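Asks: mind folding the following:
(one chain, ligands or ions: 1)
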Amino acid sequence: MTVTESPVRSPAAPADESSTLRVADVSWSADGTLIVDGVSLAVRSGTLTGLLGPNGAGKSSLLRAVGGTNRPDGGVVRLGDDDLLAMRRRDRARRVAVVEQESTTDVPLRVLDVVLLGRTPHRAGDSDEALALDSLDTVGMRELADRDWHTLSGGERQRVHLARALTQQPRLLLLDEPTNHLDIHYQLALLGFVHDLGVTSLAALHDLNLAAAYCDEVVLLRDGRVAAAGSPRDVLVPEVIRDVFGVDCDVHPHPRTGRPVLTFSPLSG
Ligand SMILES: Nc1ncnc2c1ncn2[C@@H]1O[C@H](COP(=O)(O)OP(=O)(O)OP(=O)(O)O)[C@@H](O)[C@H]1O
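Replies: As a prediction, the model looks like this:
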């Protein structure tokens, strides 16, 4: 990526509620089982929140409920003044971009065509291709614009997904394990980039250290409920990690940034 991947934070964006995400008491069930159980959280306008939790905690299900793919049983999702669940899908797609592990398609597509899908919710414009190429540039994939999508590696596809989401010019970015498949360089680059983008972002992450380094806030889910929420420093503490993940951990300040660095060990009795 063309961005620098320093975990040193830029100054906080000025307070601005226009793209603050507010999730209030959202629930979602599948096959009669409650998977997301009355979740409330807020992501301040322009900031990055990490959605953390053990396997099966409901991170992907919650992201899909917020994005409208999983129709919630109840609750409200607002982006600024907009009620995201009450609006038509196309209107929502103008505001919300989703990056998730997508199933592949059999249709032959160039990389650029995949990125241009980000313009689908918008009225077609002359600048669409330039915008798509810019997004590819941002994720370091511009040279592969004409390549067949099917020939890309997992990490390259992940970067193209982000380029498609950027091309959508969203006010809210929902990312499901965006660093999956990425090598360490691109893990740091992607999260540093998303953080500095200034777009309200909610990202499901497994790597607690990446979350600690790049997220403004974190929300810890367990069994479909919020177990803890707040700054990484307040939430990622040994007692909480032990309680939610069932492992011991030590927390040290990062030698350069002061952010928490966690080292893990199996429970010691
Ligand atoms: N469509 C569905 N039908 C039935 N059960 C589902 C459905 N979607 C999710 N679940 C179940 O809901 C629970 C939460 O799944 P989800 O994928 O949201 O968790 P997650 O926190 O993202 O997990 P992981 O870290 O393993 O990716 C799991 O037990 C899963 O099997």
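Asks: tell me where this protein has strands.
Replies: Ranges of strands within the chain are 21-30, 33-43, 48-52, 74-79, 82-83, 96-99, 172-176, 200-204, 217-222, 225-230, 247-253, 260-266, based on DSSP state E.
Asks: how about a markdown table for those strands, with mean pLDDT and mean neighbour count added?
Replies: The C-beta positions use only the backbone N, C-alpha and C, and glycine is treated the same way. Output for the strands of the chain, formatted as a markdown table (pLDDT from 0 to 100; neighbours: other C-beta atoms under 10 Å):
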| stretch | mean pLDDT | mean neighbour count |
| --- | --- | --- |
| strand 21-30 | 97 | 18 |
| strand 33-43 | 97 | 19 |
| strand 48-52 | 98 | 27 |
| strand 74-79 | 96 | 18 |
| strand 82-83 | 96 | 14 |
| strand 96-99 | 92 | 24 |
| strand 172-176 | 96 | 24 |
| strand 200-204 | 98 | 27 |
| strand 217-222 | 98 | 24 |
| strand 225-230 | 98 | 17 |
| strand 247-253 | 96 | 13 |
| strand 260-266 | 96 | 14 |
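Asks: near the ligand, which residues of the stretch 1-150 of the chain show up?
Replies: 30, 31, 35, 53, 55, 56, 57, 58, 59, 60, 61 (C-beta under 6 Å from any ligand atom).
Asks: residue 221 is in contact with the fourth one, correct?
Replies: To tie it back to what came earlier, the one meant is residue 53. Yes. At 3.6 Å, residue 53 counts as touching residue 221 under the criterion of C-beta atoms under 8 Å.
Asks: okay, and the common contacts of the two?
Replies: Counting by C-beta atoms under 8 Å, 6 or more residues apart in numbering, the common neighbours of residue 53 and residue 221 are 59, 227.
Asks: would you list the buried entries among the residues of the stretch 1-150 of the chain next to the ligand?
Replies: 35, 53, 57, 58, 59, 60, 61 (16 or more other C-beta atoms under 10 Å).
Asks: does the first one touch residue 59 like I think?
Replies: No. Counting by C-beta under 8 Å, no contact exists between residue 35 and residue 59, whose distance comes to 10.5 Å.
Asks: which residue ranges form the helices in the stretch 51-200 of the chain?
Replies: Applying DSSP state H, counting those that start in this stretch to the stretch 51-200 of the chain gives helices spanning 59-67, 89-95, 111-116, 128-138, 154-167, 184-197.
Asks: what about those, which gets the closest to residue 260?
Replies: helix 184-197 (15.1 Å; C-beta to C-beta).
Asks: now do the buried residues in the closest one.
Replies: 186, 187, 188, 189, 190, 191, 192, 193, 194, 195, 196.
Asks: just checking, what packs against that helix?
Replies: Helix 184-197 sits against strand 48-52, helix 154-167, strand 172-176, strand 200-204, helix 208-214, with contacts defined as 3 or more C-beta pairs under 8 Å, 6 or more residues apart in numbering; DSSP states H and E.
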